[in-house]
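**Student:** predicted structure and sequence below. I'll ask about it afterward.
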Amino acid sequence: MHRARLQDNFIFYDAWKNLESDVLRSDRIGHAVIEDLAEIGLTKSDISKYTWIVDLKPEGIDQQDINPLFRFLTACGVPASNFRVAFSAVVDVKDLPYPAICLPDRLIFNGNWFMHLEHYHINWQQIEITHRLVCLMRRPSIGRGNLAKRLLSKFKRDELIMTFGTNGVDPSDDIKQLIWPQPYPMIVDRPMADQVFQHRIDHDFFYRAPVNLIVESSSQIDPNTWRSIFITEKTFKSMAWYQFPLWYAVPGLVSEVRSLGFDVFDDLFQNHSYDQIQDPWSRMTQVVLLARRVCNLDLDTLRKQHWHRLQNNAQLIKEIHTTGISRHSEELDRLIYGNF
């Protein structure tokens with residue numbers, strides 16, 4: 001799969017595609033770029049002839065991650081105005097030395113899950129509630145394993161809908177030991193969730209808990225993960241599933257979700273004060289304690305009491321889904337063809 005694509009006076013460079021994060025974040029990116037150019041018949045001497053469009057699409061690459069690429073290309077003669085980036089992570093583009101846009105709601109389309117969900121015409125108000133908390137962690141990691149262990153220490157098994165390690169990748173023994181004596185992987189639906197099935201579930205297990213602890217993709221603990229504020233489909237799904245959301249993520253993520261217009265139920269979750277805690281272990285502790293406190297409440301009554309607010313969040317998902325593609329396309333066209 002080529003990362004570089006030549007079109008007219010532009011090189012479109014998919015820095016997210018099959019490129020290890022430690023390469024992207026280092027001077028080794030230059031070697032990767034030269035190899036990618038060779039695949040389309042160009043050499044290092046051609047770099048400065050084109051405007052570079054770096055569209056980061058499904059990944060949480062931020063301005064820190066992309067800086068080595070920017071430095072390499074400008075050292076090869078590309079003017080800063082000809083290096084243009086579309087971030088999916090939350091980035092303050094005003095202060096960057098190059099043109100950029102930020103599309104933080106872009107991952108709502110990842111996997112086309114919403115259209116699949118709509119197909120089932122679920123009666124959300126009448127759905128059977130069997131558990132208190134859902135926490136889905138398909139990818140295993142040290143951070144997620146510790147979160148699973150802490151949840152298991154605070155919740156009875158029949159209160160939790162939790163997955164861990166269902167991506168079919170065999171992790172280190174350290175990760176398996178973290179959740180011992182619980183089985184690995186932790187399975188709700190089937191042994192493995194492939195890239196299609198993870199988005200297109202054909203059951204309602206995940207919807208049967210009123211509270212969703214969303215474990216976002218970025219992490220301060222796990223190596224080779226994004227450190228950025230990066231809102232993925234996991235967050236948008238919880239809103240479409242009519243659930244009360246709280247997050248284990250990097251600091252500031254909840255604030256960004258709130259800024260998109262979603263009701264994050266600050267009155268139930270103590271204003272999500274954990275969102276400002278910089279130490280990831282302290283934040284994890286506070287999130288688990290808060291989840292336990294809220295899940296001790298009468299959730300059936302809370303769900304009925306705040307149903308109109310849950311509906312508003314689900315309606316906003318529909319609105320973003322309806323307008324997002326055209327809005328994002330307009331922004332990308334402005335980035336590509338604008339005069340900077």
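**Tutor:** Received the coordinates, thanks. Numbering: from 1, shown residues only.
**Student:** so where do the helices sit in the stretch 1-150 of the chain?
**Tutor:** All helices of the stretch 1-150 of the chain, identified by DSSP state H, counting those that start in this stretch, fall at 21-24, 29-39, 63-75, 113-119, 142-154.
**Student:** to Gly261, which of those helices lies closest?
**Tutor:** Judged by Cβ to Cβ, the one of the helices of the stretch 1-150 of the chain that comes nearest to Gly261 is helix 113-119, at 16.8 Å. Any C-beta I mention is one placed from the backbone N, CA and C, and that applies to glycine too.
**Student:** now the closest one: average pLDDT?
**Tutor:** Mean pLDDT, helix 113-119: 90.
**Student:** just the buried residues of it, please?
**Tutor:** By neighbour count with 16 or more other Cβ atoms under 10 Å, helix 113-119 contains the buried residues 113-114, 117.
**Student:** again, but for stretch 24-31
**Tutor:** For stretch 24-31, burial by neighbour count (16+ other Cβ under 10 Å) applies to 24-25, 29-30.
**Student:** which residue is most remote from the mean position of this structure?
**Tutor:** Ser45 (36.6 Å; Cα atoms, centre = their mean).
**Student:** tell me the pLDDT of that one.
**Tutor:** 97.
**Student:** mind listing what it touches?
**Tutor:** For Ser45, no residue meets the contact criterion (Cβ atoms under 8 Å, 6 or more residues apart in numbering).
**Student:** so how far is Gly143 from it?
**Tutor:** Ser45 is 44 Å from Gly143, where distance means Cβ to Cβ, to the nearest Å.
**Student:** helix or strand: which one has Thr166?
**Tutor:** Using DSSP states H and E, Thr166 maps to neither a helix nor a strand.
**Student:** ok so, going back, for Tyr248, state which of the buried residues of stretch 24-31 is nearest.
**Tutor:** Nearest to Tyr248 among the buried residues of stretch 24-31, counting by Cβ to Cβ, is Arg25 at 23.4 Å.
**Student:** the closest one touches Gln63, doesn't it?
**Tutor:** No - Arg25 lies out of contact with Gln63 (Cβ atoms under 8 Å); the separation is 11.6 Å.
**Student:** check contacts around Leu289.
**Tutor:** Leu289 makes contacts with Lys154, as judged by Cβ under 8 Å, 6+ apart.
**Student:** swap the cut-off to 10 Å and go again
**Tutor:** Taking Cβ atoms under 10 Å, 6 or more residues apart in numbering, we find Leu289 in contact with 150, 154, 274.
**Student:** do Ile61 as well
**Tutor:** For Ile61, the contact set (Cβ under 10 Å, 6+ apart) comprises 15-16, 19, 21, 24-25, 54, 69, 85, 87-89, 91, 226, 228, 230.
**Student:** check the gap between it and Phe87 for me.
**Tutor:** 7 Å.
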